[in-house]
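# take a look and give me a structure for this.
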Amino acid sequence: MNTAAKSGEPDYDDPTSAMYVAEGRGHVPRPGTSILSEPDPATHPPLTLAQVRIPLPDSHRSPRKRPAQLADALDFWAFAGAAANVAMQFAHRGVAAGVMESPVESGALMVHPWKRLRTTASYLAVAVLGSDEEKRAMREAVNVAHRQVRSGPNSKVKYNAFDRNLQLYVAAAIYIGYEDTHQLLCGKMTEAELEQFYQGADTFGTTLQVHPDMWPKTHAEFDAYWVQACREVVCDDDFRAYIDDLLHLRMIHWSLRLLLGGLLRFLTAGFLPPHFQEQMGVEWSASDQRRFENLFLFVGFVNRFIPRFIRFSGTNAMMADVRRRIRQHKAII
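As a prediction, this is how the structure comes out:
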């Protein structure tokens, strides 16, 4: 075992990647490289930060006893924008192609939604709260599934689930989901508070193959990266049809859709930045935005009176489940 594996850090020259190449399954990019071509300015025009982040009300600000940390955003409200965040991840042309063409049915969201939810929630819990050993176990488990996800000769876009740039985009989208939810609940953070909250967010990517040097060092650099990365969000008709099933919750039983569908569709649309709404064909008015902000103003107020152990029970349960599976040598995902 090499020193990186012993220390619990990702092995960025790991044997998984070597095996992937040796088996003839395509090129595994080095840190900072990608098998995707650079965006064409004609079809991927420049964007602004306002187009790729959700608007936040200036007036809403709850008192903070201490600077917020990433772990503070792991309560159950983090799932409010889960469907939107998944849609944002899938909206990247390389990620979308991999998801839609993936042969790994056991992890398919539209086929096994609850298993996918457990897997994703477990990954996020481990990425933020897990030990080096637990992160390594999660990485190895995800690698098994990722090894099968690669473009074929008839794919519209060349992709590879081990492409560190695709993983970086997905990790960045995950982080944005947590930051947006926390600010909706607790109010907009100052630049200094955002910088504090941002520290350690690289774990969403480095728990897989994203090299630490690839992760933007400051929150301002992250914003600049995200604006550039979102140029790859250009949805075609096939993707819009796929994502329409997600936005309308067609993967769950009709009775749950009847009970929760309206609220979840509203939350999903509200958590999508303007550029994503436009690409996915989601209609969203100024009055919708006001209702969305007022909803979280109310929820944020109520949230102050809910004990922390209740709000974080879901994440704690996910961590306990992962640790149990590791002890019993069961599949993590």
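# and stretch 319-327, what's buried?
Buried residues in stretch 319-327, counted by 16 or more other CB atoms under 10 Å: Met319, Asp321, Val322, Arg325, Ile326. No exception for glycine: its C-beta is placed from N, CA and C like everyone else's.
# element containing Asn143, please.
Using DSSP states H and E, Asn143 sits in helix 132-146.
# show me how far that helix is from its chain's centre.
Here the centre of helix 132-146 is set off from its chain's centre by 17 Å, with CA atoms, centre = their mean, to the nearest Å.
# helices - which of the buried residues of stretch 319-327 land there?
Of the buried residues of stretch 319-327, the ones assigned to helices by DSSP state H are Met319, Asp321, Val322, Arg325, Ile326.
# now the last one: how far from Ala141?
Pointing back at Ile326 there. Going from Ile326 to Ala141 by CB to CB, to the nearest Å gives 10 Å.
# shared neighbours of the two, which are they?
Residues touching both Ile326 and Ala141 (CB atoms under 8 Å, 6 or more residues apart in numbering) are Ile332.
# please enumerate the strands of the stretch 1-150 of the chain.
Shown for the stretch 1-150 of the chain, no strands are assigned by DSSP state E, counting those that start in this stretch.
# center of this protein, which residue is that?
For the chain, the residue nearest the mean C-alpha position is Ile174 (2.8 Å; CA atoms, centre = their mean).
# what helix or strand is it located in?
Ile174 belongs to helix 164-186, assigned by DSSP H and E.
# mind listing what's buried in the next helix or strand after that helix?
Using DSSP H and E, the next helix or strand after helix 164-186 towards the C-terminus is helix 191-198. Within helix 191-198, the residues scored as buried using 16+ other CB under 10 Å are Glu193, Leu194, Gln196, Phe197, Tyr198.
# so where's this protein uncertain?
Within the chain, the segments meeting pLDDT under 70 span 1-44, 59-65, 102-114.
# what's the nearest residue to Ala192 once chain neighbours are set aside in contact with, if anything?
Closest residue to Ala192 apart from its sequence neighbours, by CB to CB, 6 or more residues apart in numbering: Pro67 at 7.8 Å. Neighbouring residues of Pro67 by CB under 8 Å, 6+ apart: Ala192, Glu193, Gln196, Phe197.
# excluding covalently adjacent residues, which one is nearest to the last one?
What that stands for is Phe197. Nearest in space to Phe197, with sequence neighbours left out and distances taken as CB to CB, 6+ apart, is Ala68 at 4.9 Å.
# and what of the second one?
Once its chain neighbours are removed from consideration, Glu193 has its nearest residue in Pro67; the separation is 5.7 Å (CB to CB, 6+ apart).
# relative to Met189, how far out is that neighbour?
Distance of Pro67 to Met189, computed by CB to CB: 9 Å.
# touching both of these two, which residues are there?
Common neighbours of Pro67 and Met189 (CB under 8 Å, 6+ apart) are Phe197.
# doesn't Arg291 lie inside a strand?
No - going by DSSP: H, G, I helix; E, B strand; the rest coil, the assignment for Arg291 is helix, not a strand.
# tell me the contacts of it?
Phe266.
# for Ala68, see how far away Phe76 is.
Distance from Phe76 to Ala68, by CB to CB: 17 Å.
# er, Gly205 I mean
Taken as CB to CB, the span from Gly205 to Ala68 is 21 Å.
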